[in-house]
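Q: When you get a sec, could you give me coordinates for this:
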Amino acid sequence: MASCMTELHLWTLRNQTIVSDGDVGCYTYHERGETVSVVDQPYYQQKQQYTEGRGTTWAPKTKRPDKLRDAIKEAEDLLSGQPCVSCLWTSRYSLQILLANGTILNYSVNPNSGDVERITIDKSLVGKLSADVFTDVIVTDAYFIMSYMERGKLDFVYFNKKSQEGGAKKQEKISTLDPKVSQIDLPGPTGRRLKRSLSANVNQNMVLVWWHTASEEAWPWSPMSSDIERANMILLSIVGSKVDIAAFIRTEYDPVDVSFSCLQPHQIFSVEQSSNAVGEHTVDITVYEHVRNKLQRAAVTTVPLKSSVVCQARNHGEDRQLLGLQDNTLVLHDDLRKITQMTQADVEVSVVCWHPEDTIFCVCSKTGDIQLFDMALSPLLTKMVSETPVTKNVLSLAPYFRSPPRVCSVEWCNFPCEAPGIDTTEPLLIHFDRGPLGLLLFQGGAMNGSVLTPLHLLNHYCRHRQMDQAVNLCSSLNWDSDGPSCYTVLSKVMNCLLKMSLNPDREAQLETCLGCFYAPCRPLSEVTVLEYRDQISRLARRFFHHLLRYSRFEKAFLLAVDIGSRDLFMDIYHVAKDRGELALAAAAKRKADQIEAQTVGPYGVEGYGELGPDPYWSGEVSLEPNGLVEQLDSMHAPQARQAPQTHSQYVQQLERGEDMARLNPAQLQAQFAPPIDPNSVTIQEEEEIDETSGTVKVIHFGMV
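A: Residues are numbered from 1 along each chain as shown. Coordinates of the predicted model:
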């Protein structure tokens, strides 16, 4: 079965990990000249040679100017003493960690080997903030904003100097940017411990401050003079070093998460949950828009749940909302298709995170159990790099620690690799409580390289004959937003299925694939239909002949009605006649004659503009001679599924069979020449007509 091969890199020098010599997929740092027991680790030197031979660091260097070994130890001491507030990938090669006291840890990372190359520790903000510990932070190139649990104020750190080009690589300290610290007063309840969360828009000129409404209910009643005092969402406008309140609103229910859209600067997504006395839970997925200095609810989608929400994540395309419930249920709501899917996870759901390609997402428990799912909620198997890899549903990290670890957060690197020849995808950062930091690398292999798109995942499914997962993945794609990928994936699945022998399961899978385009949950746009109808029609015709090859006459007949091409009915006529199905052959011949009478006249196309949208035929085919013929009288393909397909030579060749191949060009020209009225033309005119006569192009209609 398809699986993901992983490597784990733990950035620690402490004796808190258990990595045996046989674990060639797990790496940690060692002291130079350390002594080990030959009985406990008989292959210690061999693993060191293997690690260094792959270009991975075994023992960090102590040379100036980096002093990597000392920097790793100091960073571990800081991580164990202060909670981590923010883990942010600033590029594919740099990572920024903000601790609660204002200390900034800048890591230079090699994403291919999983090593730390340099660590810069910046304590410029320590002791310069309003309090010793902040709970949330916004990090941008122009400013920092910190929020506090006990204070109704924000710290606004504005940089009077801009960072130089390539500052992420140089890892400049905050002190070189001339920071200026000021406070921002927030409306709302005072004297209460509220966890105020922050979010910035894509333009970095607006910041959203929000907090839970459930935390207010435990406090005694206190008078509030205005709506702004009762609001739990405050929108701040930032222009240079000036910060003003732009808008405010109170959510209808208790928010689980509120964040700005990564695509629209004036759009906000929120997940709000509520419950009643009976224990029924509902979640409102709400879209807010900032219009004319007001926050307005633009759209609300209510999803009933069986349990409360503990975590959530919206994909990077912002069309899917993932919810993790307390009973370990995963709920995936598709905004575009307006459908909700559910599945049960094998781990205790604590943190969820989408891959940058939105193809897969990971679910992590507090104890370090990781499970992967694709975008259709199909579980993916994982295995560590090893001499004898063991494929499992859940990747457990606890066996690599002496004491049970606690995972605080996971963060996928959102910067793709542009260098050729790289076989690892985007790394996944794992932050353990009180340290250490870990990096999980996914080996893409020579076939996929450093990307993990739906097509690459589909190739794995088809290679391992996991056709149910492949069809589900194909059905979950959106044609209007990513048509080329959808068509490529659909063609891949159809080609793979058509190579297999036909059975009821394969037939249902082929129908589901075509239904992605012909019968989607929501109608496709006209532009998408016009762009891909001809290509999909060819796949449908291949499915038709596949059905005919396995004597699935009834299903082939219905598909031919849907396509509406005369040549398909003639194929049914000939095959059914050879098999002795005379009733079916008569019905197919009559339907072919009906299509020819409707579309083709003696000199070409007639009534092209008079063809209106015919209704779908929704009955059942009776194999009785009279019943089948009567039902076929009303069978017509709808106009939405009509497209130019073939010409007259192809149609008449099907009627004449192999005799057409024996005719010479002169005979063909004579057969296709239009009839001539001798009373209306002279001998000279007849010769002229003979010279210019050729094939008459006939356009008839097929499936869209």
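
Q: export stretch 453-470 as CSV, just CAs?
A: Written as CSV, here are the backbone C-alpha positions of stretch 453-470 (Å, rounded to 0.1, in the frame of the first residue of the first chain):
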residue,chain,number,x,y,z
THR,A,453,0.8,17.3,-5.3
PRO,A,454,-2.5,15.3,-5.8
LEU,A,455,-1.0,13.8,-9.0
HIS,A,456,2.0,12.4,-7.2
LEU,A,457,-0.1,10.9,-4.5
LEU,A,458,-2.4,9.5,-7.1
ASN,A,459,0.6,7.8,-8.8
HIS,A,460,1.3,6.0,-5.5
TYR,A,461,-2.3,4.9,-5.3
CYS,A,462,-2.4,3.6,-8.8
ARG,A,463,0.9,1.9,-8.4
HIS,A,464,-0.3,0.0,-5.4
ARG,A,465,-3.8,-0.6,-6.9
GLN,A,466,-5.6,1.4,-4.2
MET,A,467,-8.3,2.5,-6.6
ASP,A,468,-10.9,3.4,-4.0
GLN,A,469,-8.5,6.0,-2.5
ALA,A,470,-7.6,7.2,-6.0
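
Q: Report the buried residues of that stretch.
A: 453-454, 456-462, 466-467, 469-470 (16 or more other C-beta atoms under 10 Å). The way it works is simple: take the backbone N, C-alpha and C, and place the C-beta from them, glycine included.

Q: Sort the residues you listed by pLDDT and name the bottom one.
A: When the buried residues of stretch 453-470 are compared by pLDDT, residue 453 scores lowest at 88.

Q: what about the helix or strand that contains residue 184, average pLDDT?
A: Using DSSP states H and E, residue 184 sits within strand 179-185. Strand 179-185 carries an average pLDDT of 94.

Q: Near residue 210, how many other residues are there?
A: Number of residues near residue 210 (other C-beta atoms under 10 Å) recorded here: 23.

Q: so where is this protein shaky, pLDDT-wise?
A: For the chain, the stretches with pLDDT under 70 are 164-171, 214-225, 418-424, 444-450, 600-704.

Q: Tell me where the longest helix sits in it.
A: Taking DSSP state H as the criterion, the chain has its longest helix at helix 526-549.

Q: Identify each buried residue in it, please.
A: If you call a residue buried by 16+ other C-beta under 10 Å, then helix 526-549 has these buried ones: 528-529, 532-533, 536-537, 539-541, 543-544, 546-548.

Q: May I see these organised as CSV, with distance to residue 362 added?
A: Shown next, in CSV, are the buried residues of helix 526-549 (distance: C-beta to C-beta, whole Å):
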residue, distance to residue 362
528, 31
529, 36
532, 32
533, 37
536, 34
537, 39
539, 34
540, 37
541, 41
543, 36
544, 41
546, 38
547, 40
548, 45
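
Q: Can you name the element that comes right after the strand or helix carrying residue 484?
A: Residue 484 belongs to helix 483-498 when elements are defined using DSSP H and E. Counting by DSSP H and E, the next helix or strand C-terminal to helix 483-498 is helix 504-518.

Q: for that next one, the distance to its chain's centre please.
A: Offset of helix 504-518 from its chain centre (C-alpha atoms, centre = their mean, to the nearest Å): 22 Å.

Q: which of the residues in it are buried?
A: Residues 506-507, 509-510, 512-514, 516-518 are the ones in helix 504-518 that count as buried (16+ other C-beta under 10 Å).

Q: what's the closest of the residues you listed to residue 106?
A: Lowest distance from residue 106 to the buried residues of helix 504-518 (C-beta to C-beta) belongs to residue 516, with 45.7 Å.

Q: quick one: that closest one and residue 475 touch, right?
A: Yes - between residue 516 and residue 475 there is a contact under C-beta atoms under 8 Å: 5.3 Å.

Q: Does residue 471 belong to a helix, a strand or coil?
A: Following DSSP: H, G, I helix; E, B strand; the rest coil, residue 471 is assigned to helix.

Q: so what's it up against?
A: Going by C-beta atoms under 8 Å, 6 or more residues apart in numbering, residue 471 touches 493, 509, 512-513.

Q: Save the residues you listed as CSV, and put in distance to residue 348 too.
A: Below are the contacts of residue 471 laid out as CSV (distance: C-beta to C-beta, whole Å):
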residue, distance to residue 348
493, 34
509, 34
512, 33
513, 36
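
Q: can you name the two of those residues that are farthest apart?
A: Across these, the longest distance by C-beta to C-beta is 9.3 Å; it joins 493 and 512.

Q: hmm, back to that, helices or strands up against the longest helix of the chain?
A: On a contact count with 3 or more C-beta pairs under 8 Å, 6 or more residues apart in numbering; DSSP states H and E, helix 526-549 meets helix 483-498, helix 504-518, helix 553-563, helix 566-579.

Q: So what touches the second one?
A: Yep, that's helix 504-518 we're talking about. Helix 504-518 is contacted from outside by 467-468, 471, 474-475, 477, 479, 486, 490, 493-494, 497-498, 500, 524, 532, 536, 539-540, 543, 546-547, 552, 555, 562, 641, 703, using C-beta under 8 Å, 6+ apart.

Q: got the angle between that helix and helix 483-498?
A: Relative orientation of helix 504-518 versus helix 483-498 (axes from the mean of the first three to the mean of the last three C-alpha atoms, to 10 degrees): 160 degrees.

Q: What angle do helix 526-549 and helix 504-518 make with each other?
A: If you take the same axes, to 10 degrees, helix 504-518 sits at 160 degrees to helix 526-549.

Q: where does stretch 425-434 sit relative to the chain's centre, distance-wise?
A: Chain-centre distance of stretch 425-434: 20 Å, with C-alpha atoms, centre = their mean.

Q: Between the two ends of that stretch, how far is it?
A: Taking C-alpha to C-alpha, to the nearest Å, stretch 425-434 runs 27 Å from one end to the other.

Q: tell me which residues in it are buried?
A: Neighbour counts over stretch 425-434 (16+ other C-beta under 10 Å) mark 425-432 as buried.
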